[in-house]
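Undergrad: The following comprises the amino acid sequence and a computationally predicted model.
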Amino acid sequence: MIRTPVCDLLGIDLPIFLGGMGSIYSPPLVAAVSNAGGLGAMGCHSLTAEQVHAGTAAIRQQTDKPFALNFLIFDLVEESFAAALALKPAVMAFAWPRPEQDIKSCIGRAHAAGCKVTFMAGGVQEAKRAALCGADVIIAQGTEGGGHVGWQASMALVPMVVDAVAPIPVLAAGGIADGRGLAAALALGADGVLLGTRFLASDESPLHVNFKQAIVESDGHDTLLSEIPDIAAGKVWPGAMSRSRRNRFIERWAGREWALRQRQAEALAQIRAAREIGDADEAPLSMGQDAGLIHDIAPAGEIVRRIAAEAERILRERLPHMLQPETGATAARRAS
Ligand SMILES: Cc1cc2nc3c(=O)[nH]c(=O)nc-3n(C[C@H](O)[C@H](O)[C@H](O)COP(=O)(O)O)c2cc1C
């Protein structure tokens, strides 16, 4: 079994995290990931205090394992955050502050409530800032990921963040959907992985099956980083665009964002209708380039177990064979 220091820190069995996804409300998904030994997370971005209570109660009915409540700092609603703190989740997961915001007080309040704190960053400076403000775990999120992401790819970002915040544990996010991704993340110095897109195509995901199927059918080349989903939703995100499937809706507005701003209310109504009927071409679908690695819709617990088993096989069987037996001279050189 793969076990890293972050497992001991958070009281979990496997270093596989569900990304908090504010647009994806599913207590069964959160519970399934935690029950499989990973860390589930509920995105509380758009939840009222009552909904935070109800969601957390639903998760606790389905698991007694640790899970996280996730908040976007730039859009933090005090009543919802206060409700979450009072519920004392094992982990509070933060992301996306504005540069001028006081993240130390958010982290301090979470610690005072007895939570461990994870902080997601798309760049080294933001990771360092969170580390200095007391975050217990840093998530280095690469641009391959689904939803709002930064500009740098995981392969370069993860080891840079590992170096910058050592000895704080780092998880890799963005573009990871299988055990190969977990094994690679460990090789880059991370302590584990956090996944979003892979869990969108799970049985417990609340997406319409046509949207899940669009992820399964993707070859991973059909994503676009754009402001289109935010403009359509009437949101302004601090310093990020959003990676989503390059479908008919996105192609209609790409390069014509000014026109979308003008017709935002109409577009939003169309998106809501398309989501309702499962028209995956006429509503934004946040997904990462790793959609090309996702070939089925599966139970979330099984996804966690598969990733862990595949990574373990790689570490035990594939990689050791790549090393030549050590001679006395190479062992001496390594020891010196
Ligand atoms: C639909 C969707 C919604 C997301 N919402 C949030 C959110 O509310 N809070 C957050 O911290 N991250 C959010 N993310 C980002 C994920 O936490 C994670 O960093 C990302 O999905 C990792 O890349 P992957 O999709 O390639 O696994 C979202 C991602 C997706 C796909």
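TA: Thanks, I have the structure now.

Undergrad: going forward, measure contacts between C-alpha atoms and count neighbours the same way
TA: Fine.

Undergrad: What segments of the stretch 51-200 of the chain are strands?
TA: 67-72, 91-95, 116-121, 137-141, 147-149, 170-173, 192-195 (DSSP state E, counting those that start in this stretch).

Undergrad: how about the residues of the stretch 101-250 of the chain that lie near the ligand?
TA: Q141, E144, G145, G146, G147, A173, G174, G175, I176, L195, G196, T197 (CA under 6 Å from any ligand atom).

Undergrad: coming back round to it: for the strands of the stretch 51-200 of the chain, give me TSV that also has distance to P15 and mean pLDDT.
TA: Converted to TSV, the strands of the stretch 51-200 of the chain look like this (distance: least, CA to CA, whole Å; pLDDT from 0 to 100):
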stretch	distance to P15	mean pLDDT
strand 67-72	13	98
strand 91-95	14	98
strand 116-121	13	98
strand 137-141	12	98
strand 147-149	21	98
strand 170-173	8	98
strand 192-195	5	98
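
Undergrad: Need the ones you listed in CSV (columns: distance to R245 and mean neighbour count).
TA: What follows is those, written out as CSV (distance: least, CA to CA, whole Å; neighbours: other CA atoms under 10 Å):
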stretch, distance to R245, mean neighbour count
strand 67-72, 23, 27
strand 91-95, 22, 26
strand 116-121, 22, 25
strand 137-141, 18, 29
strand 147-149, 10, 24
strand 170-173, 18, 32
strand 192-195, 17, 27
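
Undergrad: What is the neighbour count of A332?
TA: Counted with other CA atoms under 10 Å, residues neighbouring A332 total 10.

Undergrad: Is it within a helix or a strand, and which one?
TA: Using DSSP states H and E, A332 sits within helix 328-335.

Undergrad: Please apply the same query to F17.
TA: With DSSP H and E as the test, F17 turns up in strand 16-18.

Undergrad: Output the contacting helices and strands for that strand.
TA: In terms of contacts (3 or more CA pairs under 8 Å, 6 or more residues apart in numbering; DSSP states H and E), strand 16-18 is packed against helix 27-35, strand 40-43, strand 192-195.

Undergrad: Return stretch 210-222 as PDB; C-alpha atoms alone will do.
TA: Coordinates of each C-alpha in stretch 210-222 appear next as PDB, following Å, rounded to 0.1, in the frame of the first residue of the first chain:
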ATOM      1  CA  ASN A 210     -24.200  13.000 -21.300                       C
ATOM      2  CA  PHE A 211     -21.600  15.300 -19.700                       C
ATOM      3  CA  LYS A 212     -19.800  12.300 -18.100                       C
ATOM      4  CA  GLN A 213     -19.900  10.500 -21.400                       C
ATOM      5  CA  ALA A 214     -18.300  13.600 -23.100                       C
ATOM      6  CA  ILE A 215     -15.400  13.200 -20.700                       C
ATOM      7  CA  VAL A 216     -15.100   9.500 -21.500                       C
ATOM      8  CA  GLU A 217     -15.200  10.300 -25.200                       C
ATOM      9  CA  SER A 218     -12.600  13.100 -25.100                       C
ATOM     10  CA  ASP A 219      -9.100  12.500 -26.500                       C
ATOM     11  CA  GLY A 220      -7.700  15.200 -24.200                       C
ATOM     12  CA  HIS A 221      -7.100  17.600 -27.000                       C
ATOM     13  CA  ASP A 222     -10.500  19.200 -26.900                       C
END
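
Undergrad: quick revisit: right, and the helices and strands packed on strand 16-18 - which one's nearest E302?
TA: When these are compared by CA to CA, helix 27-35 sits nearest E302, at 8.9 Å.

Undergrad: And the contacts of that closest one?
TA: For helix 27-35, the surrounding residues in contact (CA atoms under 8 Å, 6 or more residues apart in numbering) are 12, 17-18, 39-42, 55-56, 58-60, 62-63, 65-67, 204-205, 300-301, 304.

Undergrad: how distant is it from the center of its chain?
TA: The chain centre lies 14 Å from the centre of helix 27-35; the measure is CA atoms, centre = their mean, to the nearest Å.

Undergrad: what do you get for stretch 195-211?
TA: Centroid displacement of stretch 195-211 relative to its chain, using CA atoms, centre = their mean, is 13 Å.

Undergrad: In it, which residues are buried?
TA: The neighbour-count check on stretch 195-211 (16 or more other CA atoms under 10 Å) flags 195-207, 209, 211 as buried.
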